[in-house]
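with the sequence up front, the predicted model follows.
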Amino acid sequence: MKLEGKTAFVTGGRGGIGRAIVARFLAEGAAVYAADLTPEGSLAAHDDDGSRFVQMNVADEAAVIAAMEQVQAEAGKLNILVNAAGIEIEKTIEETTLDDWNRSFAVNCTGTFLTSKYALPLMRAAAKSGTSASIINFGSYDGFIADPGLAAYCATKGAVHALTRAMACDHGPEGIRVNAICPGYIDTPMLQSFFDGDGSGGGGQNIEQLQQAVRDVHPMRTYGTPEDIANLVNWLASDEARYASGQLWVLDGGLSAQVQQMRL
Amino acid sequence: MRLAGKRAFVTGGRQGIGRGIVDAFAAAGAAVTTCGRGDRPDGLEQSIIWYNLDVTDPQAVQDLASITDGTDVLVNNAGVQVEKTVADSTDADWDAVIGTNCRGVFNMCRAFIPLMPKGSSIINIGSISGNHADPSMALYNASKAFVHGLTRSIAVDHGPDIRCNAICPGWINTGMLEAGFDLAGDHKAARADALRRHPVRRFGQPADIAAMAVWLASDEAGFASGQMFTVDGGMTAASPLNPGLF
């Protein structure tokens, strides 16, 4: 029970990766707020996971303020913030409408900015009281190297990476650590949508063949699970990671250790 | 006991980061073997096996690997540093730094990879100096970039069976850090300046690096491979050009 006595807030907490993080935090003894647009999130099935659900659009400033007021009133502090809410629009910039672009940045960047901004006083309170304060943002390996047909998404994740370093510099002296996790291919509704989509991911190919081809490009010959990501989130949230700050933690089964694969 | 049932082999376990990893692995339940040049160090826990081994000697490494029957976790920590520019470095400096930091890691990996079972983990100690140059550390910086490149190669070539990652420590309180400060004219001012360059306002401890090593050695890190994991208190997240320090 690494997180006993800690309070955590997870945006996108009912999505593919978010649910795994919430479940892990609960198993480690934390009190967990799971924020999402709906109780179901991106997964159709809804089960009562023991977290406290907060209905919140991360891009809506008033909603974020109200959520943090609720945490203030009920818990008085916040030890862990995970900015896992994110959307992916599968388009090149030519196909991307201004509305697509603005929606991508609203959720992936503005959401991370607003939630962190209004969580900071609660996290400072946690740090001052001698417990730890850790913010974990969601970047992506796409913030380093581009997947085709994901232009706005890649750009938002590069922005999250830079924001992570900036926040670590600004708030490290206050005892708040800030890191980003950069997942590769993880088995989530977002990945299924990428496979199904008519962008460069799908394109009418046999989905099973496509999935196998994607696995084969990975040195470990598999893509990851939400639980793989939750394992590292849990470490970064815990006091064991007390010296880890300002970093972008790639977890992709070795995918980005390689250069482009020649088809021989 | 996150490493219960695992056998771990750590090079350079006499002191500093290596000793921190040896102690953390033992505390996490691993059966730990370590080595160094010379006799068993004082205070090493009785359950830990010690070998007198020079990792630069390929035959000695091969002979030892064959009598240990492999390992589940290999940590290539043994390393040396020479504080010189390229122009000042001698052939003996080259042999010392490249021999231990590069050839030593290669010797260990070549000898142990065939003896490591599916699901095992190699952890190399790289450095932030492998990504960005520390001044007057030319051969050391280059040797750590070699370690990073070798780490990716092992992850790609042996991925189905073995995970391979590197930890890139920042400035950790060890004899090596003190040697770095000895280069400064004003030792005290150099320390104060260095601390202000760390967002968390302290240097690392061997235990900080050992905590990452335990995670990478454990099955929780089952999808982590081919990566450099920096643990430096936020130092390299900030630009080295810091107007606040002018």
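Cool, the structure landed.

pLDDT weak spots in chain B?
Applying pLDDT under 70 to chain B picks out residues B:241-246.

for it, which helix is longest?
When chain B is scanned for its longest helix (criterion: DSSP state H), the result is helix B:138-158.

ok, and what's touching the following helix or strand past it?
Helices and strands here follow DSSP states H and E; after helix B:138-158, the next one along the chain is strand B:162-169. The set of residues external to strand B:162-169 that reach it, using C-beta atoms under 8 Å, 6 or more residues apart in numbering or on different chains, is A:220, A:254, B:17, B:113, B:116, B:118, B:120-128, B:130-131, B:144, B:147-148, B:151, B:154-155, B:158, B:204, B:209, B:212-213, B:216, B:221-222, B:224-232. In short, each C-beta sits where N, CA and C put it, glycine included.

picking up where we left off before, can the longest helix of chain B be found next to chain A?
Yes. For helix B:138-158, a contact with chain A is found by C-beta under 8 Å from any C-beta of the partner chain, at B:151-152, B:155-156.

got the residues of chain A near chain B?
Listed as neighbours of chain B in chain A under the rule C-beta under 8 Å from any C-beta: A:164-165, A:168-169, A:172-173, A:177, A:218-221, A:224-225, A:228, A:231-232, A:235, A:240-247, A:249-258.

give me the buried subset of the residues you listed.
Taking 16 or more other C-beta atoms under 10 Å in any protein chain shown as the criterion, what is buried in those is A:164-165, A:168-169, A:172, A:177, A:218-220, A:224-225, A:228, A:231-232, A:235, A:240-247, A:249-258.

now the helices for chain B?
Using DSSP H, the helices assigned to chain B run over residues B:16-27, B:58-68, B:91-97, B:105-112, B:138-158, B:175-181, B:187-196, B:206-217.

and these as CSV, adding mean neighbour count?
Listed next are these as CSV, based on neighbours: other C-beta atoms under 10 Å in any protein chain shown:
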stretch, mean neighbour count
helix B:16-27, 24
helix B:58-68, 15
helix B:91-97, 14
helix B:105-112, 22
helix B:138-158, 21
helix B:175-181, 15
helix B:187-196, 12
helix B:206-217, 25
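
tell me which of those helices sits nearest to residue A:151.
Distances from residue A:151 to each of the helices of chain B were compared using C-beta to C-beta; the shortest belongs to helix B:138-158, at 27.0 Å.

what's the closest one packed up against?
Contact analysis of helix B:138-158 by 3 or more C-beta pairs under 8 Å, 6 or more residues apart in numbering or on different chains; DSSP states H and E lists helix B:91-97, helix B:105-112, strand B:120-125, strand B:162-169 as its packing neighbours.

of all those, which lies closest to residue A:22?
Each of the helices and strands packed on helix B:138-158 has some distance to residue A:22 by C-beta to C-beta; the shortest is strand B:162-169, at 26.6 Å.

spatially central, which residue of chain B would that be?
With distances taken as C-alpha atoms, centre = their mean, chain B has residue B:125 as the residue nearest its mean C-alpha position (2.5 Å).

tell me the residues on chain B that lie near chain A, please.
B:151-152, B:155-156, B:159-160, B:163, B:198-201, B:204-205, B:208, B:211-212, B:214-215, B:220-227, B:229-238.

put the buried members of those into a ChimeraX selection.
Applied in ChimeraX, the following selects the buried portion of the residues of chain B next to chain A according to 16+ other C-beta under 10 Å:
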select /B:151,152,155,156,159,163,198,199,200,204,205,208,211,212,214,215,220,221,222,223,224,225,226,227,229,230,231,232,233,234,235,236,237,238
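
which strand in chain A has the most residues?
The strand spanning the most residues in chain A, taking DSSP state E as the definition, is strand A:176-183.

check which residues of the next helix or strand after it are buried.
Past strand A:176-183, heading to the C-terminal end, the next element that is a helix or strand (DSSP H and E) is helix A:189-196. Of all the residues in helix A:189-196, those buried under the rule 16+ other C-beta under 10 Å are A:190-191, A:194.

elements contacting helix A:189-196?
Taking 3+ C-beta pairs under 8 Å, 6+ apart as contact, the helices and strands that helix A:189-196 lies on are helix A:16-27, helix A:207-217.

centroid residue for chain A?
residue A:84 (2.8 Å).

just the pLDDT for it.
According to the predicted model, the pLDDT of residue A:84 comes to 98.

how far away is it from residue A:67?
15 Å (C-beta to C-beta, to the nearest Å).

good, wrapping up.
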